[in-house]
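A.B. asks: Model the structure of this input:
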Amino acid sequence: MIKVITKITIAIITLVTMVACEDVVDINLDTAEPKLVIDASIKWEKGTAGNEQVIRLTTTTDYYTNLIPNATGAIVTIFDGTTTYDFIEDFGTGNYICTNFNPVINGTYTLTIIYKGETYTSTDTLYPTPDIDTVEQSVITGFGGEDAIEIKFFYQDNGAEDNFYLIGFKNNTIAYPEYGAVDDEFFQGNQMFGLYVDDELAANDVLNLSLQGISERYFNYMNKLLNIAGSNGGNPFSSPPATLRGNIINQTNTNNFPFGYFSLGEIDTETYVVQ
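C.D. replies: You can find the predicted model right below:
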């Protein structure tokens, strides 16, 4: 009994000593000049007028800053060849709002942003999207013998053209949505599906499903972005293998390129309650 108590006492003393010797170390990291970050994804949800759209502007900041700085005071417009749509800032938020946008399938749109004396532009097309036809739920058994719920939603690909899609799943029990970029290379003109599998899904959980038509260039961009996001293995000091540039160009100073992408597309959504 004395030996056991002695061992426990030594363990406690060792633990206290280790805690007492623990110091917080801040590593000095170089801070680059802030870059503009542009979230300009124009989504025309099926069944709506699509007139209300938001573009969000922020800037990059240093590693230890918890708050993302809003990019305020910019001039933001989109031109469709005939009409210029003004995006007016909700003061101080970095959210620039348009209430009279006119979405047209296969229409061409040019984004212009003037921020701190520099002009950023990009042009893209508004892509069509098929309907989400059906949603199916099943149970699958993994390699470890554990069951998981599988959710599939189906949609019909247009066989007359090459198509690219952005698929989204938002689980109400998880903070952030999950995305996947897919093409119809092996499914031309056939029925395709989006797939979500989670061994922690339970009855009455809610999934928000989305399907959006996108360009081939945006498909390539999202594939690279998703690969970078999933390749760091949780290491906070990991760096992306390369700087990922979108389709927005700084016309004033090409070296001061922004982050982000300008895209337009129809989007179909579905809310599914797990059975």
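A.B. asks: So which residue is dead centre in this structure?
C.D. replies: Nearest to the geometric centre of the chain sits residue 179, at 7.0 Å (C-alpha atoms, centre = their mean).
A.B. asks: buried set for stretch 213-231?
C.D. replies: For stretch 213-231, the neighbour count (16 or more other C-beta atoms under 10 Å) marks 213-215, 218-219, 221-222, 225 as buried. No exception for glycine: its C-beta is placed from N, CA and C like everyone else's.
A.B. asks: likewise stretch 175-195?
C.D. replies: So, applying 16+ other C-beta under 10 Å, buried residues of stretch 175-195: 179, 181-184, 192-194.
A.B. asks: now the strands for the stretch 101-250 of the chain?
C.D. replies: 108-115, 118-127, 132-141, 147-156, 164-171, 178-183, 191-198, 206-214, 249-250 (DSSP state E, counting those that start in this stretch).
A.B. asks: Output those strands in JSON lines; the columns should cover distance to residue 86.
C.D. replies: Formatted as JSON lines, those follow (distance: least, C-beta to C-beta, whole Å):
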{"stretch": "strand 108-115", "distance to residue 86": "11"}
{"stretch": "strand 118-127", "distance to residue 86": "16"}
{"stretch": "strand 132-141", "distance to residue 86": "33"}
{"stretch": "strand 147-156", "distance to residue 86": "34"}
{"stretch": "strand 164-171", "distance to residue 86": "27"}
{"stretch": "strand 178-183", "distance to residue 86": "30"}
{"stretch": "strand 191-198", "distance to residue 86": "35"}
{"stretch": "strand 206-214", "distance to residue 86": "25"}
{"stretch": "strand 249-250", "distance to residue 86": "21"}
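A.B. asks: Which of those sits closest to residue 56?
C.D. replies: strand 108-115 (11.4 Å; C-beta to C-beta).
A.B. asks: and the closest one, average pLDDT?
C.D. replies: Strand 108-115 shows a mean pLDDT of 98.
A.B. asks: what are the pairing partners of that strand, and which direction each?
C.D. replies: Within its sheet, strand 108-115 is paired with strand 75-79 (antiparallel), strand 118-127 (antiparallel), according to DSSP bridges.
A.B. asks: Which one, of these, ends up nearest to residue 188?
C.D. replies: Ranking the strands paired with strand 108-115 by proximity to residue 188 (C-beta to C-beta) places strand 118-127 first, at 16.6 Å.
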